[in-house]
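**Student:** I would like to see how this sequence folds:
(chains A, B and C)
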Amino acid sequence: MFDIADLVQPDKGLIDPSIYTDPEIYQAELANVFARSWLFLAHDSQLPKKGSFLQTYMAEDPVLVVRQRDGSVKAFLNQCRHRGMRICRADEGVAKAFTCSYHGWAYNIAGELVNVPMEDRAYHNEIDKSQWGPRQVPRIHNYKGFYFGTWDDEAPSFEEYLGDMAWYFDAMADRYDDGLELVPGATKWVIDANWKFAAEQFASDMYHVPISHSSGFVALFDDPEIRALAAGALAAPGRQFSGNGHGSGFGLRPDLVPDPAGPDFDAFLIERREEIYRRLGEQRALAVYGHNTVFPNFSWLATNNTMRVWHPRGPGRIEVWSWAYLPKNAPEEAKRASRLNTVRTFSPAGVFETDDGENWTEVQQVLRGHIARQTTFNAQMGLGHEQRDLDGMPGRTAGDMFTEMAGRGMYQRWADLMSGLSWQEIAELDKRRREQEEAKQS
Amino acid sequence: MTTETIPVPALVGVETQHRIEQFLYAEAALLDDHRFTEWLELFTDDVHYWLPTRVTRTVRERDIEIAGPDGAAFFDDDKAFLAGRVRRLTSGQAWSEEPPSRTRRLLTNVRATELDSGEFEVRVNFHVLRSRLELHQDSFSGERTDLLRPADTPLGFRIARRKIILDTTTLPAPSISVFL
Amino acid sequence: MSTSWIRACGIDDIDDGEAFRLDTVPPVSVFRSGDEFFCLDDTCTHEDYSLADSWVEDCTVECPLHQAKFCLRTGAVLAQPATRPLATHEIKVEGTDIYVRIDREREEHREEEHREGAHHGAA
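**Tutor:** Numbers count the residues shown, from 1 in each chain, chains lettered A, B, ... in the order given. Model prediction:
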């Protein structure tokens, strides 16, 4: 058995690395973290018509997400109720029904069992088909085109779950009048590392960029002077947000341009400048354009237009499913520039992404060591320097992007869920922690 | 299906086939030897180096299982960005390739067709084995379709287009920090 | 059973690759493949499922449940697990209207011939 309070101490910035390796902890995460949280399912643009489906995962559970006749979206376990095989083995497409290829139990696109072969002869017409549809994801929420689902009836509403993170999420999801669309096709790969390394980094870690991604800037810019300018953006002031386990970090940019996607995207941004400022306010439009995680495993990078889910696959493995997102109805050349920026920087062959995989794999490998995985990690960067509503940015904010505040916030939410606390208890605890912190700050 | 219905490609001459194969082997050797700057010279200035993603689809949609030109990709490079990758790999700071991977490129099933333009479309099966650090190993297999343009160079060709198709949908590797 | 022509629907009511189901007993559907229209029984002969919501392509209909496939011209089985053909019905297009005639007696006669044919074939 394990005692969560011994393993992570967010108030002291201490992490016992066995949380990244212990199979027992991993099984508890599936139950206490993933089966209770809101998990990303799909974006609206991935399900263009009636019967459009995606097969995805909620942690390790295979799930089908399907556009219904009435335009709504349903999600259900991709598991036949007879002997449990996946009822759809294609990744995406358009379906009229889902049939298990083992014995032929067949389900409609709403996830209702519509046929069992030989119902009269083999089942004597005694099976109640209405009771044997695949398990439905009971709660699905469409947040500005992003579908999230949870298995937990007790979980707070999605908006409440997001909390102050909504303000930061909207900087991406709500940036343009016409919304976003995903580039067709997903980029999927496997990294032999615990999911929390990736989720935490996207929540909280600007600190690795100058070192890990040094060569990325070399790839992007031939001229060392321009390279120094780009890398120099990291010397500018920045901010970080932490709340409800989510995190966002960014530099304070003086202008929308130059964007990393290049001149064709700059032209689009200049044309849409007023629209973007009207929707977000100038301050948010310029600042909130960095790294982000919605707890537990949905992340995006605004600078590179990449979003992804870190699907856990045991304590030592993740499947990364990533997509490039684009402003809908942008000119083709702007979309192309944005898409190429994503492919070339953040994909398994991207000049930034490849080095992330190397780091996490290496850490996980070291943690095979009996002593290594009992040797405490330091997560103390910026500890005690948390502020609130800094410059009008809502929630728990830090006056620099180089801090691990959001990482500690993520581990706090993780520990609360892992301890088996109810959502109500977690809300009360968070309120008390906030009051204590505010008392200290004033 | 009778054998008469199996399409037979117009064969190139034995010597041409030999020169094409030797060119591909030489290119692979430059990569296996980490001679990236010289390798880059084998590409034309208008090259498109492309590795689209793919997904598993139902039988009715199998013809679109590989992403199109506007779809998701692992590589979608022009010459300038290939040069950027080479700059990165030779920077000494590309941590996924520093220390460098040891690679072995196996090329086979070379099928060349001469086009009206005088260029050659060459399809080749590949298996790239990558070994890193201690025990890390990756294996990439698939098919490449190259457009080879005759050139007044010792190796006789430049690569004007490369489309790479992997056999995997979900890439069973942490990165593709090597060229395919 | 009525043997008169009845108006089924308009040609614009059915897109290519779609079908229009009539609530006759048993139900029939009008299928459109390209610019051709066909009227056949709606219920798959393998398991109980409406073929109106199936894959209609190249003058065939394929049940989405178990991939039983039928010829829209003759009703013949083109793919298992179905073993019995679908009943076909007369159809005509007049202007933009589609008419069908459902004659079950004619169908039964045809099925009998099919069974005998199969029997002779086996012998």
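**Student:** ramachandran coordinates for the residue lying farthest from the centre of chain A?
**Tutor:** Going by CA atoms, centre = their mean, the residue of chain A most distant from its centre is A:Arg121, 48.0 Å out. In terms of degrees, to the nearest 10, the main-chain angles of A:Arg121 are phi -70, psi -50.
**Student:** could you check the pLDDT of it?
**Tutor:** Listed pLDDT for A:Arg121 reads 96.
**Student:** and A:His370, how many neighbours?
**Tutor:** Applying other CB atoms under 10 Å in any protein chain shown, we find 7 other residues in the vicinity of A:His370. Any C-beta I mention is one placed from the backbone N, CA and C, and that applies to glycine too.
**Student:** ok, A:His208 next?
**Tutor:** Neighbour tally, A:His208, other CB under 10 Å: 12.
**Student:** so who does it touch?
**Tutor:** By CB atoms under 8 Å, 6 or more residues apart in numbering or on different chains, the contact set of A:His208 is A:Gln201, A:Asn359.
**Student:** buried residues, stretch C:80-97. List them.
**Tutor:** Under the neighbour-count criterion of 16 or more other CB atoms under 10 Å in any protein chain shown, stretch C:80-97 has C:Pro81, C:Ala82, C:Pro85, C:Leu86, C:Ala87, C:Thr88, C:His89, C:Ile91 buried.
**Student:** secondary structure class for the third one?
**Tutor:** Okay, so that is C:Pro85. Three-state assignment for C:Pro85 (DSSP: H, G, I helix; E, B strand; the rest coil): coil.
**Student:** find the nearest non-adjacent residue to it, please.
**Tutor:** Leaving out its chain neighbours, the residue that sits closest to C:Pro85 by CB to CB, 6 or more residues apart in numbering or on different chains is C:Gly75, at 4.3 Å.
**Student:** interface residues of chain C facing chain B?
**Tutor:** Within chain C, the residues that sit near chain B (CB under 8 Å from any CB of the partner chain) are C:Trp55.
**Student:** can you list the domains in chain A?
**Tutor:** As given by automatic domain parsing, the domain ranges for chain A are A:4-35+A:158-441, A:40-142.
**Student:** residue 21 - how many residues pack around it?
**Tutor:** As the question left the chain open, I've gone with chain A. By other CB under 10 Å, the residues close to A:Thr21 number 17.
**Student:** chain C is the one I meant
**Tutor:** Burial of C:Arg21 is recorded as 17 neighbouring residues (other CB under 10 Å).
**Student:** next up, the contacts around the closest residue to A:Phe295 other than its chain neighbours.
**Tutor:** In space, and not counting its chain neighbours, A:Phe295 is closest to A:Gly245: 3.3 Å by CB to CB, 6+ apart. The contact partners of A:Gly245, taken as CB under 8 Å, 6+ apart, are A:Phe295, A:Pro296, A:Gly409, A:Met410, A:Gln412, A:Arg413, A:Trp414.
**Student:** before we move on, the earlier item: out of the buried residues of stretch C:80-97, who's nearest A:Asn329?
**Tutor:** Checking the buried residues of stretch C:80-97 against A:Asn329 with CB to CB, the nearest one is C:Ile91 at 43.6 Å.
**Student:** output the contacting helices and strands for the strand or helix carrying that closest one.
**Tutor:** Here C:Ile91 is covered by strand C:88-94, with elements defined by DSSP states H and E. Secondary-structure packing of strand C:88-94 (3 or more CB pairs under 8 Å, 6 or more residues apart in numbering or on different chains; DSSP states H and E): strand C:36-41, strand C:97-101.
**Student:** and the helix or strand harbouring A:Gly249, what's its mean pLDDT?
**Tutor:** Secondary structure assigned from DSSP H and E places A:Gly249 in strand A:246-251. Strand A:246-251 comes out with an average pLDDT of 97.
**Student:** can you check stretch A:404-415 too?
**Tutor:** Stretch A:404-415 comes out at a mean pLDDT of 98.
**Student:** could you do stretch A:106-118 as well?
**Tutor:** Stretch A:106-118 carries an average pLDDT of 96.
**Student:** helix, strand, or coil at residue 134?
**Tutor:** Picked chain A for this. Following three-state DSSP, A:Pro134 is assigned to coil.
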